[in-house]
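A.B. asks: no FASTA, just this:
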């Protein structure tokens, strides 16, 4: 029995050891042989074998992909489907493989045609940077029949250019693609000892925010957006798709958001052909600005991507940043270039050595010395003796193999030997040797020229497609459509969207937070749900806006312990969800007599009536909230009366005790904000407006809603609108070949309509616009640098104020070099009211 137990224990340990070893072998195989690329050439094994098979087949013509798959299967021990998918992936990246036929579309998700119908060949770029049999390390294929490269001698940061993604056992890799030209520029900068920065670039174009890219290492994140443009007030168009998202996926996400009520649209139509075009028709009463924000907030028009750069270095996975990967690639490229130069130098030296030997052998007629020799050894000895006087002229020792090679020269070559041509050839070889030695001595400069040549030959048409720009943070709750109705059962203390038999309160979004205040002075913030208990005797419900420091609560309550009545004013800016807060002194029996929520800090006056039985002389009096300071929600408040209160009634609504909100314009994203980002436009009351001047010579008046979107690249000047302020503009009149100046007051003030205030014409353009009331400009004219003249013009003295539709007055001819606005006293030249277009 004991022996059986011992045997069972040994068997269990043996199985555990076998499982541990086998699992480790399997994990290593998946990591090294399938999922994670090598740092040397940036390729996974299947990709490397495909390229090697294509090089073997290469004759300059296209080959059927089915044939390439068959050739690759000699090296890749897996099915044809995995090879076919890998070929299509390489072909769609449009870098190493030239394609012919229907290869699918990464934007729409359309798959490629069957392998028998499509063709491919190696690109000229691939042939130049990826192959050199002399510098390749070889290994036996899986069945031992053929040789395959361990890695290709890649002289380009292919891994960063193509990007990659793979999931292995216990780890994964995700490297985003980068721009071809920028990679080469950064490689050159690194060789020159300069700093560089690398950011992703996608075939699908779009926009990217790289603020948290973290050099592509773990923990980083990028936000990617499709470009959305307003067509008219009833429709918007999506011009591209984010990386990794197809048009069908994007349409599905839009329809899903519409079905859930987060956005309101009539239809979405996919018109994608050569370019991506998704036309979105809006529902009646929905603004384009809010819809664009909602598309970014609730659909795949914006996605977040977390890179995770894991690569194989010396047969082990390493997590690195893209900068280190590029530095490694540059160092590896320099090493390969050095090996190629050394091989070339060795071949040149061999050429010089044999050419010199041949010249002496023929010119000195040493071949005649072998005529009398009867044995092979005698022949070799005679040649060696004949060369002996000249051995000191050679750069290396003359070997027996060299002598044997001389015996192979045919009589025909000896008879037609041209000494002049031989000397010219040797001089050419010597020059090439000198040049190669110089390249080796100045390897860094040689590598720079190599990269510059790549950029010159293959860089055209590979410019950046994805625009790098910071994204504003879109608050989902702000742009969400009110897609739910909130109900309340005040007696039982429940709120929710499912209580349809109870009291309707207001419309809200299903992602909103609701603030609830009760008669006992307790407060809670909770998420919108079907049914939520917040406590009995609810006196106030509203949608809660986090960090809202303008909404002010005015409250009068009685302390349950002392019976004293207090008044307080407070904001609720941040809370923990589902947590109950006490707004009174926290004593049992406390009661709220009066509560209002004021969106702009309004301070009303109230009439307070005491109980008739109280001992107070004055049993009715007025109380003014404007006399109270706004404090935190936990503040006790000021004592109103120590006598019992009968009721509190509103007397006058009063006015806001807060200053008008400050509005900033952030030109990096073309958005307004209240957080202090960008340029301060001023304080805005309800009736105030914003005026925007665009580079195309139009102006627009808008409200100051933070959901407004402006074309940041087209905005020349933006400011708070003052109807009494005179606008001064200078523009080019192509018809008369002159620059005109005009001053006018804004007359047409319809919101969100563009008005052209310069002369209409295709070649006309705006040079300068300002709201300075006494603008002075410096005008420089002259056709040659030596003839430049400078003139100071006070426009408020020379140009009359006219209507906004007038042509304006002549200012200067077309020989104008530049116009600059002189800043008012006390301001520098970068003041926001003094912009120039050029």
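C.D. replies: Looks like it came in fine. If you're wondering where the values come from, they're calculated on a predicted model, not measured in any experiment.
A.B. asks: quick one, phi psi at the nearest residue to residue 266 once chain neighbours are set aside?
C.D. replies: The spatially closest residue to residue 266, leaving aside those adjacent along the chain, is residue 281, at 4.2 Å (CB to CB, 6 or more residues apart in numbering). To be clear about C-beta, it is placed using only N, CA and C from the backbone, and glycine gets the same treatment. The phi/psi pair for residue 281 (degrees, to the nearest 10) reads phi -90, psi 130.
A.B. asks: let's check: the centremost residue of this protein is which one?
C.D. replies: The residue lying closest to the centre of the chain (CA atoms, centre = their mean) is residue 208, at 2.0 Å.
A.B. asks: surely it is in contact with residue 222?
C.D. replies: Yes - taking contacts as CB atoms under 8 Å, residue 208 lies within contact range of residue 222: 5.6 Å.
A.B. asks: need the residues touching each of the two.
C.D. replies: residue 200 (CB atoms under 8 Å, 6 or more residues apart in numbering).
A.B. asks: any stretches of the stretch 401-550 of the chain with poor pLDDT?
C.D. replies: For the stretch 401-550 of the chain, no stretch is flagged by pLDDT under 70.
A.B. asks: which stretches of it form strands?
C.D. replies: 467-468, 484-489, 494-496, 503-508, 513-518, 522-527, 532-533, 538-544 (DSSP state E, counting those that start in this stretch).
A.B. asks: which neighbouring elements make contact with the third one?
C.D. replies: This means strand 494-496. Judged by 3 or more CB pairs under 8 Å, 6 or more residues apart in numbering; DSSP states H and E, strand 494-496 is in contact with strand 484-489, strand 532-533.
A.B. asks: now do the contacts for the closest residue to residue 598 other than its chain neighbours.
C.D. replies: The spatial neighbour of residue 598 that comes closest, neighbours along the chain excluded (CB to CB, 6+ apart), is residue 552 at 4.9 Å. By CB under 8 Å, 6+ apart, the contact set of residue 552 is 569-571, 597-598, 601-603, 630, 657-658.
A.B. asks: list the contacts of the nearest residue to residue 782 once chain neighbours are set aside.
C.D. replies: Nearest residue to residue 782, sequence neighbours excluded (CB to CB, 6+ apart): residue 788, at 4.1 Å. With contact taken as CB under 8 Å, 6+ apart, residue 788 is in contact with 780-782, 817.
A.B. asks: what residue ranges in the chain score low on pLDDT?
C.D. replies: Checking the chain against pLDDT under 70 turns up 1-35, 168-170, 825-838.
A.B. asks: show the subsequent helix or strand relative to the longest helix belonging to it.
C.D. replies: The single longest helix within the chain, with elements called by DSSP state H, is helix 322-363. Per DSSP states H and E, the first helix or strand lying C-terminal to helix 322-363 is helix 376-387.
A.B. asks: before we move on, back to that, any idea which of the contacts of residue 552 is closest to residue 51?
C.D. replies: Using CB to CB, the shortest approach to residue 51 within the contacts of residue 552 belongs to residue 571, at 64.4 Å.
A.B. asks: give me phi/psi at the residue nearest to that closest one when sequence neighbours are not counted?
C.D. replies: Spatial nearest neighbour of residue 571, chain neighbours left out: residue 549 (5.4 Å); criterion: CB to CB, 6+ apart. Main-chain dihedrals, residue 549, degrees, to the nearest 10: phi -100, psi 10.
A.B. asks: mind checking how far residue 549 is from residue 453?
C.D. replies: 60 Å (CB to CB, to the nearest Å).
A.B. asks: and residue 361, by the same measure?
C.D. replies: Applying CB to CB, the value for residue 361 to residue 453 is 40 Å.
A.B. asks: coming back round to it: nearest to residue 508, of the contacts of residue 552?
C.D. replies: residue 597 (15.3 Å).
A.B. asks: residue contacts, that closest one?
C.D. replies: Taking CB under 8 Å, 6+ apart as the test, what residue 597 contacts is 540, 542, 551-553.
A.B. asks: of those residues - the most surrounded one?
C.D. replies: Most neighbours among those, by other CB atoms under 10 Å: residue 552, with 24 neighbours.
A.B. asks: hmm, back to that, now do the longest helix of the chain against helix 376-387: the angle between them, please.
C.D. replies: 100 degrees (axes from the mean of the first three to the mean of the last three CA atoms, to 10 degrees).
A.B. asks: thanks a lot, catch you later.
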